[in-house]
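1. with the input below, show me the fold.
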Amino acid sequence: MPDSKLYDLLGVKREASEAEIKRAYKKLAKQYHPDRHSGSSGSEHSDGEKFKEIGFAHEVLTNPQKRNIYDRGGLEALKEGGQSQGFEDIFEHLFGGGGGGGFPGGMFGGGMGGLFGGGSPFGHSHGGRGGRRQGEDTVFPLTVTLEDLYKGKTVKISIDKTILCPSCNGYGGKSGSASRCNPCRGQGIKVSLRPIGPGMMQQVQEECQKCRGTGQDFSDADRCKKCDGKQVSREKKVQEIVVDKGKRHGDKVVLRGAGDQKPNVEPGDVVVVLQMVKHDTFDRDGNHLLTKMNIDLVEALCGMSRPLKHLDGRTLLITRKPGQITEPGEIYTVIGEGMPTQRDPTTCGNLMIKFDIKFPESNWTSPEQIKKLESVLGPRPPQPTNINVAEVEEVVLHDFDAEHMNGRAGHGGGNAYDEDGDEDGPQGPGGVRCATQ
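-> Okay, the predicted model is just below:
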């Protein structure tokens, strides 16, 4: 049966709208606020716990992603999906610190602490991470597209992790039958000296091979058959990752306490690192999107209307009116069509479009048409009148060959602008005799 405890706390139905949930919360928050009963210690404690409970319910049910996870899998799914950040104490008491899904004594059992076990939902746990050695984090790279970061996405990933052996509850064998490991004297590690140079030794700590770092030993009869005394086993765990709108390449989604389990060690976190693949159309700069658009010369001069498919599937019609000239390399901005911001996904950056102009090929039309075009564009600039025709030499422009110029036509790596340019002989690199001075 679906978990409806958080809805019951606020007195609303599962299909209640966000507005209905907020109204119910405000009403209950006013009723159970601890300041209303500051004169009675018993009443103040009771209302304080109730106030925390409805605050937690409001936090989950007004967040679309958290509510979706809760509706599908209850409080257990919230914890496993990494949605307990900021509420670690609540989940420690809910699940007994081990991630179980039960509620000993009922949801509100064990006194008025019930749901929160007397802990503050905004405080830090004094047990668990503070009292035991912290395990290593597990880093999991997750490939995402720019569309995923624009629209947001929920992804299920499979993580291969170590868990406390369910057969022996992480003990390694029959309860009470362990003896101290002799080779490491119960320390789980052995210290040895390793030579690192002439007359130089290095002290090295290594895991004891006999007890595999547990510090204890079992007889063959008492050793756990499932884990062979290792205390842990492997399992694949499916985790649900919520990629919020506006996330960036390299951002992390942290699943608290979802890492490898070991005896007497607080599990580390699973750190999911977002790896964005390159997009064919758009580049990203912070909250802004960048793209290039190639248009023809006629569009640059006479106006244009080009469709551009956005990351969410919408088609934007990019328009320049007749008479609006678009120059090569010019950049225009579409306000509010960039990436959503993480703090407020309803606010977006801008979309910036850089225009490249495609010019026609040489000799693309007849001389008659060229004259017509010139009459429309206006006359050419006048030629200088103070030029002596006898002293003027007309030259022909050729296509530039960068490889030929930089490589000196196979004569080494000389630069076209080097002062010492005699190595090609008097004719120059092109094989054409230089003009006499």
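2. now Arg284: phi and psi?
-> For Arg284, the backbone dihedrals are phi -120, psi 140 (criterion: degrees, to the nearest 10).
3. now swap in the one 4 residues further on and tell me
-> Main-chain dihedrals, His288, degrees, to the nearest 10: phi -100, psi 150.
4. can you pull the pLDDT of it?
-> Reading off the per-residue confidence, His288 sits at a pLDDT of 97.
5. after the helix or strand that contains Gln202 comes which helix or strand?
-> In this structure, Gln202 sits in strand 200-207 according to DSSP states H and E. From strand 200-207 onward toward the C-terminus, using DSSP H and E, the following helix or strand is strand 216-217.
6. partner strands of that next one and their direction?
-> For strand 216-217, the paired strands and their directions (DSSP bridges) are strand 179-180 (antiparallel).
7. now for whichever helix or strand comes after the partner strand, which elements pack on it?
-> Following the chain from strand 179-180 toward its C-terminal end, the next helix or strand by DSSP H and E is strand 189-197. Contacts defined by 3 or more Cβ pairs under 8 Å, 6 or more residues apart in numbering; DSSP states H and E place strand 189-197 against strand 200-207. Quick note: C-beta positions are derived from backbone N, CA and C, even for glycine.
8. distance from the chain centre to the strand it packs on, please.
-> 40 Å (Cα atoms, centre = their mean, to the nearest Å).
9. report the contact partners of Ala317.
-> Ala isn't right for residue 317; it's Leu. Leu317 makes contacts with 305-308, as judged by Cβ atoms under 8 Å, 6 or more residues apart in numbering.
10. so it, which of the three states?
-> Reducing the assignment to helix, strand or coil with DSSP: H, G, I helix; E, B strand; the rest coil, the entry for Leu317 is strand.
11. tell me the pLDDT at it?
-> Reading off the per-residue confidence, Leu317 sits at a pLDDT of 96.
12. that one and Ser305: what is the separation?
-> Separation of Leu317 from Ser305 (Cβ to Cβ, to the nearest Å): 6 Å.
13. break this protein into its domains for me.
-> Listed domain ranges for the chain are 1-126, 179-217, 283-358, 384-437 (source: automatic domain parsing).
14. mind listing what's buried along the second one?
-> To tie it back to what came earlier, the one meant is domain 179-217. Along domain 179-217, the positions that meet the burial threshold by neighbour count (16 or more other Cβ atoms under 10 Å) are 181, 184, 186, 188, 190, 208, 211-217.
15. burial measure for Lys292, as a count.
-> By other Cβ atoms under 10 Å, 13 other residues sit near Lys292.
16. report the beta-bridge partners for it.
-> Assessed by DSSP bridges, Lys292 has beta-bridge partners Lys354.
17. can you pull the contacts of it?
-> Per Cβ under 8 Å, 6+ apart, neighbours of Lys292: 353-356.
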